[in-house]
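Novice: how would this look folded up:
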Amino acid sequence: MSNNKASNSPLGAGGKTLGLVHTSATLVPMFAELCSKYLPHVKTFNIVDDSLIKNTIACGELTPDTSRRVVNYAGSAQDAGADFILFTCSSIGPAVEAAAMLTKVPVLRVDQPMADQAVQLGKRIGVIATLPTTLEPTSDLVKRRAAAAGKEIVLVSKLCEGAFDALMNGDAATHDKKVGDALKQLSIEVDVIVLAQASMARVVDTLCEADKRVPILASPPIAIQHLATIL
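Specialist: Predicted structure coming up:
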């Protein structure tokens, strides 16, 4: 567990405090930069536990034990003084929604604002991921947010087979090529593409403009921009 500009003051005292819960330490600097840009008036602190995502990948699904720990982290963030809590990993999304019902302060899963934006932008929505454990919860979220908005959609889910393993083995080039090829193909089939994992966003920057036929959405900036409207 690591803290950044953590506040020990009572909730709401001296401005708002955002608690961020991560499943990878690599996400901390990315969100620190986004918070500095869009939430300069908000204090932040970070909780990091990569065993949450490692256990989920190893089990092939989000287990009850991992879900319970997610709920407990929401409670810890609340006790630490958070006025609002953001979980930055899509794979544990269903547990985050459970935590939201059991926590006194608002709790948000990072991909919800992105899903809402995708529903607004088009009827045919593509969801792309390198892990089945992320593809499924993100696809499910998009369907439910569309239903909540009263909109009928067509969902096209695409798993980049082998891309995640390549990245874990240090072969970023193979990962990027697989994701890039999938994005190009999917862009022909849909109105908007949702990146189920923030790690794929850098691949979008390598595509030429001709391959970016439709909007390609990444959750971190959209989530922080969303929070900027309410914090």
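Novice: shaky segments in this protein?
Specialist: Residues of the chain meeting the criterion pLDDT under 70: 1-14.
Novice: That one: strands as residue ranges?
Specialist: Applying DSSP state E to the chain gives strands spanning 17-22, 43-48, 84-87, 107-109, 124-129, 154-159, 192-195, 216-217.
Novice: need these in TSV with mean neighbour count and distance to residue 169, can you?
Specialist: The way it works is simple: take the backbone N, C-alpha and C, and place the C-beta from them, glycine included. Listed next are the strands of the chain as TSV, based on neighbours: other C-beta atoms under 10 Å; distance: least, C-beta to C-beta, whole Å:
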stretch	mean neighbour count	distance to residue 169
strand 17-22	26	23
strand 43-48	20	23
strand 84-87	25	27
strand 107-109	24	29
strand 124-129	25	18
strand 154-159	16	18
strand 192-195	26	21
strand 216-217	22	26
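Novice: Make TSV out of those strands and add distance to residue 115.
Specialist: Converted to TSV, the strands of the chain look like this (distance: least, C-beta to C-beta, whole Å):
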stretch	distance to residue 115
strand 17-22	19
strand 43-48	23
strand 84-87	14
strand 107-109	9
strand 124-129	9
strand 154-159	11
strand 192-195	7
strand 216-217	9
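Novice: Can you name the residues that contact the residue sitting nearest the centre point of the chain?
Specialist: The residue lying closest to the centre of the chain (C-alpha atoms, centre = their mean) is residue 110, at 3.8 Å. Residues near residue 110 by C-beta atoms under 8 Å, 6 or more residues apart in numbering: 86, 87, 88, 89, 90, 198, 219, 220, 223.
Novice: Among these, which ones are in helices?
Specialist: Secondary structure from DSSP state H places 219, 220, 223 of these in helices.
Novice: From these, pick the one nearest residue 152.
Specialist: Using C-beta to C-beta, residue 219 comes nearest to residue 152 of those, at 23.3 Å.
Novice: so who does the closest one touch?
Specialist: Under the contact definition (C-beta under 8 Å, 6+ apart), the residues listed for residue 219 are 90, 110, 111, 113, 114, 195, 198.
Novice: Can you get me a residue count around the fifth one?
Specialist: For residue 114, the tally of surrounding residues (other C-beta atoms under 10 Å) stands at 27.
Novice: what's the answer for the one 3 residues further on, then?
Specialist: When neighbours are defined as other C-beta under 10 Å, residue 117 has 18 of them.
Novice: what's the answer for the one 3 residues further on, then?
Specialist: Residues contacting residue 120 under the criterion other C-beta under 10 Å number 12.
Novice: ok, now which ones touch it?
Specialist: Residue 120 sits next to residue 149 when contact means C-beta under 8 Å, 6+ apart.
Novice: Check the gap between it and residue 24 for me.
Specialist: The gap separating residue 120 from residue 24 is 29 Å, by C-beta to C-beta, to the nearest Å.
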